[in-house]
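*Asks:* Here you go, sequence then predicted model.
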Amino acid sequence: MNGDEGVVSILLGQSEVNTKCTDQDARTPLSWAAGNGHEGVVRILLERNDVDPDSIGIDFLTPLSQAAGNGHEGVVRILVERNDVNPDKAYHDARTPLWLAAENGPGGVVRILLERERSILIELTNEAEHCYGGLRGTDVAKW
């Protein structure tokens, strides 16, 4: 896969093209594009309703896992911004995309994934403060 966005767009315009097709490892076109860092192709595929952004291959890797493990910061950023992608979905031996990024990739991917976790924690904290009348986390723990 060379990431030619023009060719992908032409192919997706054909009625017989199946974006859910998989190879022998159950990897989808999105998984291949993500794992190879083809941001443009990832964006094109994600515009479609028939593409599962959190699909799992036979190796239990999601497109996010593929991108994170290979250090593709742009693709990781695209995927973690979506609500339908679970950044904590674990590989068969319990390795998450964050683990794979820390193990194999550059620090930029790790920072992106940690920032997403931080923003989720802030949202949860704000929601808890609202629900519990401004109680801090330590107060809630005592409660």
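*Replies:* Structure received.
*Asks:* gap between stretch 25-38 and the chain center?
*Replies:* 12 Å (Cα atoms, centre = their mean, to the nearest Å).
*Asks:* Ok, stretch 46-63 next?
*Replies:* 9 Å.
*Asks:* so where is this structure shaky, pLDDT-wise?
*Replies:* 1, 91-92, 105-106, 117-143 (pLDDT under 70).
*Asks:* Just the element for the closest residue to Glu39 other than its chain neighbours, please.
*Replies:* Take Glu39 and drop its neighbours on the chain: the residue closest to it by Cβ to Cβ, 6 or more residues apart in numbering is Gly74, 4.4 Å away. Glycine gets a C-beta too; all of them are placed from N, C-alpha and C. Under the criterion of DSSP states H and E, Gly74 resides in helix 73-80.
*Asks:* Which positions within the helix or strand following that helix qualify as buried?
*Replies:* Under the assignment DSSP H and E, the closest C-terminal helix or strand after helix 73-80 is helix 97-104. Of all the residues in helix 97-104, those buried under the rule 16 or more other Cβ atoms under 10 Å are Pro97, Leu98, Trp99, Leu100, Ala101, Ala102.
*Asks:* Any chance of TSV for the residues you listed, columns distance to Ala34?
*Replies:* Converted to TSV, those look like this (distance: Cβ to Cβ, whole Å):
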residue	distance to Ala34
Pro97	11
Leu98	16
Trp99	17
Leu100	12
Ala101	13
Ala102	18
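*Asks:* for the residues you listed, which one is nearest Gly13?
*Replies:* Nearest to Gly13 among the buried residues of helix 97-104 is Pro97, at 31.4 Å by Cβ to Cβ.
*Asks:* correct me, but the closest one touches Ala68?
*Replies:* Yes - if you go by Cβ atoms under 8 Å, Pro97 and Ala68 touch, sitting 3.9 Å apart.
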